[in-house]
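**Student:** Structure of the sequence below:
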Amino acid sequence: MKHPPADESILHVTPQDDTARAHGCYWDEQYADHAVTFFERGLIHATGKWAGDPFTLQPWQRDLTRRIFGWRRDDGTRRHRSAFLFVPKKNGKTTWSTGLALYQLTAEPDPTDPTRTEQAAELYGASTSRENGSILYREAAKLARTSPALKPILRSIDHTRRVVYDRTSSFLRVLPHKHGTAEGLIASGIYVDEIHAMKDRRLYDALRYSGAARAQPLTIETTTAGVDADSLWRERYNYTRRVITGEIEDISHIGLIYEGDPAADIDDIDNLRQANPSLDVTINSGTILADARQALAGSAADIASFRRYRLNLPVGAAEGWIAPEVWDRGQQPFELAEMHGRPCYAGLDLGKVSDFSALCLLWPGDDQWRAAFWFWLPSAEIEAKTRGGDHTYAAWRDAGHLTQTDGETTDHHRIRAKINELAKQFNIKCIGIDRNFDGWQFTDDLFNIDGLPATGAGQGWVTQDVPMQRIEALVKEQRLNAAGNPIMRWMVGNAIAHRKGPNENMSVTKPDRASKIDGVDALINAMYVAESRPEGVETYYETSPLVIV
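**Tutor:** Got it, this is the predicted structure:
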């Protein structure tokens, strides 16, 4: 087969491209141009400020469209069989993916006979909810009815949410959000919008494998950041990132990931531009900056929502307790050696079998309270996270912020040894320990065997409300300094303040299993004993033995 001349600027964009060429793939400019031409000469915007104008692709949309349809396998079929687009809201991802679906339905050349399109093609939009499905269908129907080239050849059937191309007996259908509706399909194309909202992955899995009988099935996944970090969207995000970097060899998958720098200020215009490729086209930069400043002046929930929807940064809690940006304002380096001799209070949260364990030492001060943290995690958990494509835990370990323990379970002996070591260095007045799980036994060992001032600390609103109020006030006054510990920053961002009763007493919780808050629990436990035991007053736990009933 004689292949068309290659565009060298396209052939070396990702590590996968050289691998693809070694497997016989090639670049065809005509296929790439054909897809772009369909958008810009065949589609007319139906709504918004561009209603009635041709669908001019943004540079990032044009690049991804050309790459999906321009790269071919040695048999002439499309190289790419799946694409993942991760971009914030209002950047044009839904309209773009709908345009792709209409191109595949009506205009993409059949590789077996380029003079015609695929016959009896079946394209499906996967809805995560009834409302989401309606958006997908309405967008496709509006483009079909508004575009002069499509209006004579397509029929929109509202009650079944189908767009039908009678000439080839093909259709685009938006499915109900139930996995049973995807059984037995022979899909040419799958279009999943807002995959982060897909709570049940059975529909996704059923659709994903429904194109095996087709010559060149295509799956398009688009999403913004979600809340649950241990879910389908995060799995697909991690996989795509590993493909982009070349860690995984998959020449059939392509992706674009747009997100801000989590360490940057949310009103940093360069960071906003990095996350929003259509800034000043579909999104006004002045408006988005004003939204950022309003969020900074508002609540933790306002900041969390802005980070998620405008910077595409996953948040552990849709309605958080203390926003990381607010927490950051009081952080600055300090030396632990400066704390020798100063009275301090400790808080411990023990991991449940294979979870994080966290220890906090808290030094009160008139001008500033200082906190130091130690974290432990079993090696099996760090390795599992790394295998899944997330190297955050390993990076924290390598930087010295996280101690890796051997095996698959939390090593309580190692934690106890560290507490005894710290007790020789610092003036620890009391250690507040989570009573749950093995907390009682651990407290007993520290008190009766090691002779340390350990006591139990409750985890409900009765005991957590006062220390949480104190912590919140110190943070707002920029008087709580944890030396910028990155694990603690992450955990603070995951924490939700659950309020109960007429006085809205607080206790801390988290939105899901993946959003860890162990360091927050340890800080609250330390503040609990600091607030309940004034300096110089002996407690019952210091004068009486601990009895386990």
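
**Student:** Distance across stretch 188-197, terminal residue to terminal residue?
**Tutor:** By Cα to Cα, to the nearest Å, the extent of stretch 188-197 from end to end equals 23 Å.

**Student:** What strand or helix carries residue 361?
**Tutor:** Taking DSSP states H and E as the criterion, residue 361 maps to strand 357-363.

**Student:** Output that strand in PDB with nothing but the alpha carbons.
**Tutor:** Taking Å, rounded to 0.1, in the frame of the first residue of the first chain, the C-alpha atoms of strand 357-363 are listed here in PDB:
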ATOM      1  CA  SER A 357      -1.700   6.600  60.300                       C
ATOM      2  CA  ALA A 358      -1.000  10.200  61.400                       C
ATOM      3  CA  LEU A 359       0.700  11.800  64.400                       C
ATOM      4  CA  CYS A 360       0.500  15.600  65.200                       C
ATOM      5  CA  LEU A 361       2.600  17.500  67.700                       C
ATOM      6  CA  LEU A 362       1.000  20.900  68.500                       C
ATOM      7  CA  TRP A 363       2.800  23.800  70.200                       C
END
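
**Student:** for whichever helix or strand comes after it, packing partners?
**Tutor:** Using DSSP H and E, the helix or strand that directly follows strand 357-363 along the chain is strand 369-378. Counting contacts by 3 or more Cβ pairs under 8 Å, 6 or more residues apart in numbering; DSSP states H and E, strand 369-378 packs against strand 357-363, helix 392-398, strand 403-405, helix 412-425, strand 480-481, helix 486-494, helix 518-532. C-beta coordinates here come from the backbone N, C-alpha and C atoms, glycine included.

**Student:** what comes up buried for the helix or strand just after strand 369-378?
**Tutor:** Counting by DSSP H and E, the element after strand 369-378 in chain order, helix or strand, is helix 379-387. For helix 379-387, burial by neighbour count (16 or more other Cβ atoms under 10 Å) applies to 381-382, 385.

**Student:** Over to residue 191: give its phi and psi.
**Tutor:** phi -130, psi 110 (degrees, to the nearest 10).

**Student:** just residue 479 next, same as before
**Tutor:** phi -120, psi 10.

**Student:** Disregarding residues adjacent in the polypeptide, which is nearest to it?
**Tutor:** In this structure, residue 479 finds its nearest non-sequential neighbour in residue 368, 5.2 Å apart by Cβ to Cβ, 6 or more residues apart in numbering.

**Student:** what pLDDT does that neighbour get?
**Tutor:** Reading off the confidence values, residue 368 has pLDDT 94.

**Student:** before we move on, the earlier item: what would the helices and strands packed on strand 369-378 look like in a markdown table with distance to residue 194 and mean pLDDT?
**Tutor:** As requested, those are exported to a markdown table (distance: least, Cβ to Cβ, whole Å; pLDDT from 0 to 100):
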| stretch | distance to residue 194 | mean pLDDT |
| --- | --- | --- |
| strand 357-363 | 34 | 96 |
| helix 392-398 | 24 | 92 |
| strand 403-405 | 36 | 94 |
| helix 412-425 | 41 | 92 |
| strand 480-481 | 37 | 96 |
| helix 486-494 | 22 | 91 |
| helix 518-532 | 30 | 94 |
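
**Student:** Tabulate those (TSV), appending mean neighbour count and distance to residue 142.
**Tutor:** Output for the helices and strands packed on strand 369-378, formatted as TSV (neighbours: other Cβ atoms under 10 Å; distance: least, Cβ to Cβ, whole Å):
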stretch	mean neighbour count	distance to residue 142
strand 357-363	26	52
helix 392-398	16	41
strand 403-405	18	54
helix 412-425	15	60
strand 480-481	22	52
helix 486-494	23	39
helix 518-532	26	47
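
**Student:** returning to what we had before: how many neighbours does the residue nearest to residue 479 have?
**Tutor:** Using other Cβ atoms under 10 Å, residue 368 has 16 neighbouring residues.

**Student:** Equivalent analysis for residue 84, please.
**Tutor:** Neighbours around residue 84, by other Cβ under 10 Å: 24.

**Student:** did I read that right, it in a helix?
**Tutor:** No - assessed with DSSP: H, G, I helix; E, B strand; the rest coil, residue 84 is strand; it does not lie in a helix.

**Student:** Is it in contact with residue 241, as I believe?
**Tutor:** No - the criterion here is Cβ atoms under 8 Å, and residue 84 misses it with residue 241 at 9.4 Å.

**Student:** Need the overlap of contacts for these two.
**Tutor:** Counting by Cβ atoms under 8 Å, 6 or more residues apart in numbering, the common neighbours of residue 84 and residue 241 are 255, 257.

**Student:** any idea how far residue 306 is from residue 91?
**Tutor:** 15 Å (Cβ to Cβ, to the nearest Å).

**Student:** Repeat that for residue 254.
**Tutor:** Per Cβ to Cβ, residue 254 is found 29 Å from residue 306.

**Student:** For residue 307, which non-adjacent residue is closest in space?
**Tutor:** In space, residue 307 is closest to residue 313, 4.5 Å off (Cβ to Cβ, 6+ apart).

**Student:** I'd guessed the one you found sits against residue 260; true?
**Tutor:** Yes - under the criterion of Cβ under 8 Å, residue 313 makes contact with residue 260 at 5.9 Å.

**Student:** who touches both of these two?
**Tutor:** Joint contacts of residue 313 and residue 260 (Cβ under 8 Å, 6+ apart) are residue 307.

**Student:** sorry, back to before: the strand holding residue 361 - contacts with which helices or strands?
**Tutor:** Using 3+ Cβ pairs under 8 Å, 6+ apart as the test, strand 357-363 ends up in contact with strand 343-349, strand 369-378, helix 412-425, helix 518-532.
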